[in-house]
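*Asks:* can you look at this prediction? I've put the sequence above it.
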Amino acid sequence: MNNEGLTLVLVNNLAYSDYSKLTGELKNMRRVTHVFPRGWEKDTPAVYDIKTKGNAEDLAARLEALGLEIIRFSMNKIELKKTKTVMKRE
């Protein structure tokens, strides 16, 4: 299945420095074709539109691996919150 899908991603509790880092990490994820950062504001969820060749469930699993906890999930929307250092690579 090579169809691209668009997923709205909302991330709570994300500092601006992590917003920028997460944008870069998303762009480097396998099967992600485009990342559209839509906005960041203190105490509100950061917003991204992400175009992938996979499905939202696959994307959600990858986001969890970056230190984000899933709060809500549907086929075209994922809401997460930062629970530890985002993108901590060993």
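*Replies:* Nice, I can see it.
*Asks:* and the strands in the protein?
*Replies:* 5-12, 32-39, 46-52, 68-74, 77-82 (DSSP state E).
*Asks:* now those strands as CSV including mean pLDDT?
*Replies:* Output for the strands of the chain, formatted as CSV (pLDDT from 0 to 100):
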stretch, mean pLDDT
strand 5-12, 95
strand 32-39, 96
strand 46-52, 96
strand 68-74, 94
strand 77-82, 95
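*Asks:* need those in a markdown table with mean neighbour count and distance to residue 25, can you?
*Replies:* Bear in mind the C-beta positions are built from the backbone N, C-alpha and C, glycine included. A markdown table is the format used below for the strands of the chain (neighbours: other Cβ atoms under 10 Å; distance: least, Cβ to Cβ, whole Å):
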| stretch | mean neighbour count | distance to residue 25 |
| --- | --- | --- |
| strand 5-12 | 18 | 12 |
| strand 32-39 | 14 | 9 |
| strand 46-52 | 19 | 11 |
| strand 68-74 | 14 | 10 |
| strand 77-82 | 18 | 13 |
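*Asks:* relative to residue 62, which of the ones you listed is closest?
*Replies:* For these, proximity to residue 62 was assessed by Cβ to Cβ; strand 32-39 is nearest, at 8.4 Å.
*Asks:* run the chain-centre distance for the closest one.
*Replies:* 9 Å (Cα atoms, centre = their mean, to the nearest Å).
*Asks:* helices or strands up against it?
*Replies:* Judged by 3 or more Cβ pairs under 8 Å, 6 or more residues apart in numbering; DSSP states H and E, strand 32-39 is in contact with helix 16-27, strand 46-52.
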